[in-house]
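# generate a structure from the sequence data that follows.
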Amino acid sequence: MFPIPVSLPSPDKIEPDYIVVRFSPPIRLPRDSRRKIKPYMETRHLACTTVVIPPSTTDPVREAAAILQSRQFEGIELYYDYHFYRTSIPTSPDFSDSVALSKRVEFGSPLVEQGDLKEIPDELFMLFPNITELEILPPFLVVTVRPLPPKPWPFTVGGLVLLPTQISSSKLEILRGAHGEGQKVLERLDLSRGRDFSEKALKKAIEVFKSLRIRLVDIMWCPTSWSITVTEPMKDKLRLLPSEIGNVVCFYRFEPEVPEPPALTWDDTSPYDDTSYITTSNICLRPGVMLSSSQDVRSDGNIIESNHKLTTSGVLVADHEGQPLVTVGGYVFNGDSLVYHPNSLKGSVIGRIEKHLPTCGISLMKLDRGLRYANETFGSAQTPQGFTLDRFSSCRPPELHVYDRVTMDNPYSGACEGLVVGFGAIFDEDDKGRYILHHWLLFETGLRRLEGCCGSPVVDSNGKVIGLFQHKYSGSPLSVAVSAVELSKLGYRLCRSER
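Residues are numbered from 1 along each chain as shown. Here you go, the predicted model:
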């Protein structure tokens with residue numbers, strides 16, 4: 001069914017009259033104590049939502065608001081401006097201005113719903129000047145446009161993640177990989193409809209590859225495709241790889257082709273937070289605080305200048321004995337186990353690594369005496385009071401579906417919105433057959449990078465932690481987070497009170 005290229009409409013086929021309603025959330029500052037105000041500058045992200053509706057609408061604002069409510073935006077406080085314009089060409093300055101301010105653009109119906117392609121609105125070709133091609137490649141709307149418009153771009157259009165590109169969308173290997181040419185398997189299991197997925201279905205898919213004696217690096221499902229990485233180059237053996245699993249097409253990548261994500265090291269362009277959590281009263285650490293390892297030391301004993309790895313604090317958990325520990329990114333800290341804030345050049349030691357959970361890519365830090373930690377987010381323009389993280393999500397329906405919205409907040413990403421685009425697993429290199437559940441995500445990042453976000457909690461719209469951010473793939477818009485289920489399996493629970 002996918003991908004579906006869409007041809008350019010003739011100018012005379014474009015409806016000359018539209019009503020554009022642009023909603024803008026009010027900007028408010030936290031009224032609570034100073035400790036909830038971010039110690040670093042708010043990263044700029046697009047905040048508005050543009051809704052395009054037919055000209056026959058008698059109450060455009062009410063209808064536009066109803067469209068947003070039907071797509072679960074009812075919790076957003078909105079004030080609005082809206083305007084009318086006429087156009088007989090495939091571009092409109094008015095619409096372009098609204099797009100330039102909007103995080104999302106919505107139409108009367110989403111582009112894809114329950115796995116089915118809906119009617120493509122001609123207004124899509126008004127997003128940017130000089131669009132030459134559109135392609136629906138869920139979760140992406142791929143727009144070929146030359147030259148690329150300046151960033152930041154809208155995060156979603158019609159419910160799909162917008163991906164502008166200057167090359168033909170059919171050449172975007174990062175979204176697909178090579179198509180398997182083998183048999184269709186598990187045909188009685190229909191995973192092509194809806195947004196539900198289960199670990200039971202994942203186990204069945206993994207068993208298929210075990211029976212074929214094909215070792216996997218990772219495997220990810222979304223309603224329109226499987227994305228699978230195998231350990232050996234097999235482009236000349238695609239006939240051995242399943243073409244479909246559970247009526248969903250399979251695309252493959254091969255481990256030598258997939259670069260390892262680099263750990264972020266500090267430089268002059270890195271964000272900086274000079275808050276002293278050791279000496280400042282009435283302040284406590286919380287999710288998203290900048291952390292770093294000690295500096296690396298060469299074999300001759302000399303320090304490698306500025307070479308310390310960066311991460312962010314996660315959530316406060318208690319083990320089965322009730323000991324409070326803070327999750328942080330794994331694969332970051334050196335043998336001395338020291339954890340610095342914000343970095344080892346200009347900061348102080350705030351704790352030490354107590355445990356490593358290598359199969360999860362997570363480490364656990366014990367805070368130094370006298371420091372406090374709360375599972376409360378900092379305030380932001382969108383959520384001035386922040387909110388409390390009080391439990392892990394079950395990470396399965398009805399609590400979590402593919403295409404659900406999530407958020408993450410730290411100095412590197414800012415308070416940004418994301419989308420769950422797939423569920424699956426990453427396999428342990430040292431333990432044959434063992435895998436860890438992960439979620440595949442897409443984030444709006446504005447003009448900022450995602451490196452350094454490792455360890456930050458990813459939170460659903462109800463304030464439940466669905467996972468901890470791991471890394472963004474090189475050369476791809478996709479990111480991955482280890483599922484919160486893995487911490488629950490090991491007996492860790494979120495602390496509900498400040499420690």
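# buried stuff in the lengthiest helix in the chain?
Counting residues, the longest helix found in the chain (DSSP state H) is helix 199-211. Neighbour-count burial for helix 199-211, counted by 16 or more other Cβ atoms under 10 Å, picks out Ala201, Leu202, Lys204, Ala205, Ile206, Val208, Phe209. (Glycine included, C-beta is placed from N, CA and C.)
# and Arg391, what does it touch?
Contacts for Arg391 (Cβ atoms under 8 Å, 6 or more residues apart in numbering) come out as Lys464, Val465, Arg493, Leu494, Arg496.
# how about a cut-off of 10 Å?
Contact analysis of Arg391 by Cβ atoms under 10 Å, 6 or more residues apart in numbering lists Asn375, Asn462, Gly463, Lys464, Val465, Ala484, Ser488, Arg493, Leu494, Arg496.
# one more: Ser394?
Counting by Cβ under 10 Å, 6+ apart, Ser394 has contacts Leu400, Lys464, Ile466, Ala484, Val485, Ser488.
# got the phi/psi numbers for the nearest residue to the fifth one once chain neighbours are set aside?
In space, Val485 comes closest to Cys395 once its chain neighbours are excluded; the distance is 4.9 Å by Cβ to Cβ, 6 or more residues apart in numbering. Comment: the main-chain dihedrals of Cys395 come out as phi 60, psi 30, following degrees, to the nearest 10.
# which parts of the longest strand belonging to the chain are buried?
For the chain, the strand with the greatest residue count under DSSP state E is strand 416-427. Residues of strand 416-427 classed as buried by neighbour count (16+ other Cβ under 10 Å): Cys416, Glu417, Gly418, Leu419, Val420, Val421, Gly422, Phe423, Gly424, Ala425, Ile426, Phe427.
# out of the residues you listed, what pair is the most spread apart?
Greatest spatial distance in the buried residues of strand 416-427: Glu417 and Phe427, 29.7 Å, computed using Cβ to Cβ.
# okay, now the unreliable bits of the stretch 301-450 of the chain?
Residues of the stretch 301-450 of the chain that meet the criterion pLDDT under 70 lie in 301-307, 381-382, 430-432, 445-449.
# and the helices in it?
Assigned by DSSP state H, counting those that start in this stretch, the helices in the stretch 301-450 of the chain number zero.
# tell me the helices and strands packed up against the helix or strand His471 falls within.
Element membership for His471, per DSSP states H and E: strand 465-472. Applying 3 or more Cβ pairs under 10 Å, 6 or more residues apart in numbering; DSSP states H and E, we find strand 465-472 packed against strand 310-318, strand 324-329, strand 405-408, strand 416-427, strand 435-443, strand 457-460, strand 479-483, helix 484-489.
# could you check the angle the longest one makes with helix 199-211?
Spelled out, that is strand 416-427. Orientation check (axes from the mean of the first three to the mean of the last three Cα atoms, to 10 degrees): strand 416-427 against helix 199-211 gives 40 degrees.
# what pairs with strand 416-427, parallel or antiparallel?
Paired neighbours of strand 416-427 in the sheet (DSSP bridges): strand 216-222 (antiparallel), strand 405-408 (antiparallel), strand 435-443 (antiparallel).
# just the second one next, same as before
Strands adjacent to strand 324-329 in the sheet, as given by DSSP bridges, are strand 310-318 (antiparallel), strand 362-367 (antiparallel).
# about what we covered before: need the contacts of Arg391 in a markdown table (columns: neighbour count).
Shown next, in a markdown table, are the contacts of Arg391 (neighbours: other Cβ atoms under 10 Å):
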| residue | neighbour count |
| --- | --- |
| Asn375 | 25 |
| Asn462 | 13 |
| Gly463 | 16 |
| Lys464 | 20 |
| Val465 | 26 |
| Ala484 | 28 |
| Ser488 | 17 |
| Arg493 | 14 |
| Leu494 | 21 |
| Arg496 | 13 |
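# return the member of those nearest to Ile350.
Checking the contacts of Arg391 one by one against Ile350 (Cβ to Cβ), the nearest turns out to be Asn375, at 16.7 Å.
# what's near enough to touch that closest one?
Contact partners of Asn375, counting by Cβ under 10 Å, 6+ apart, are 286-287, 314-317, 326, 387-391, 457, 463, 465, 494-499.
# buried subset of the residues you listed, written for ChimeraX?
Remark: buried members of the contacts of Asn375, expressed as a ChimeraX selection using 16+ other Cβ under 10 Å:
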select :286,287,314,315,316,317,326,389,391,457,463,465,494,495,499
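# picking up where we left off before, most tightly packed of the strands paired with strand 324-329?
Looking across these with neighbours counted as mean count of other Cβ atoms under 10 Å, the highest average goes to strand 310-318: a mean of 25.
# between that strand and strand 465-472, how many degrees?
Computed by the same axes, to 10 degrees, the angle between strand 310-318 and strand 465-472 is 160 degrees.
# with only the CA atoms kept, save strand 310-318 in PDB.
Provided in PDB are the C-alpha atoms of strand 310-318 (Å, rounded to 0.1, in the frame of the first residue of the first chain):
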ATOM      1  CA  LEU A 310      28.100  14.300  28.400                       C
ATOM      2  CA  THR A 311      24.700  12.800  29.500                       C
ATOM      3  CA  THR A 312      21.600  13.900  31.400                       C
ATOM      4  CA  SER A 313      19.900  12.800  34.600                       C
ATOM      5  CA  GLY A 314      17.000  10.400  34.300                       C
ATOM      6  CA  VAL A 315      14.500   9.500  37.100                       C
ATOM      7  CA  LEU A 316      14.800   8.700  40.700                       C
ATOM      8  CA  VAL A 317      14.100   5.000  41.400                       C
ATOM      9  CA  ALA A 318      14.200   2.700  44.300                       C
END
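# chain center to it: distance?
Offset of strand 310-318 from its chain centre (Cα atoms, centre = their mean, to the nearest Å): 18 Å.
# same check, this time on stretch 214-232
19 Å.
# in it, what's buried?
214, 216-230.
# in the stretch 1-150 of the chain, where is pLDDT below threshold?
By pLDDT under 70, the low-scoring segments of the stretch 1-150 of the chain are 1-18, 25-45, 72-94, 113-119.
# can you rerun that using 80?
Counting by pLDDT under 80, the stretch 1-150 of the chain contains low-confidence residues at 1-47, 54-58, 60-61, 65, 69-98, 109-110, 112-123, 125-126, 137-138.
# let me see the ranges of the helices in it.
So, for the stretch 1-150 of the chain - with DSSP H, counting those that start in this stretch - the helices run 60-70, 93-101.
# rewinding a little: including distance to Pro477, could the strands paired with strand 324-329 go into TSV?
Formatted as TSV, the strands paired with strand 324-329 follow (distance: least, Cβ to Cβ, whole Å):
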stretch	distance to Pro477
strand 310-318	20
strand 362-367	24
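# now for those strands, which one comes closest to Ile136?
strand 310-318 (34.7 Å).
# would you map out the domains in the chain?
6-127, 178-257, 259-499 (automatic domain parsing).
# which single one of the buried residues of strand 416-427 is nearest to Leu137?
Of all the buried residues of strand 416-427, Leu137 sits closest to Val421, with 11.4 Å by Cβ to Cβ.
# which residues does the closest one contact?
Per Cβ under 10 Å, 6+ apart, neighbours of Val421: 138-140, 161, 220, 222-223, 227, 402-404, 439-442, 477-479.
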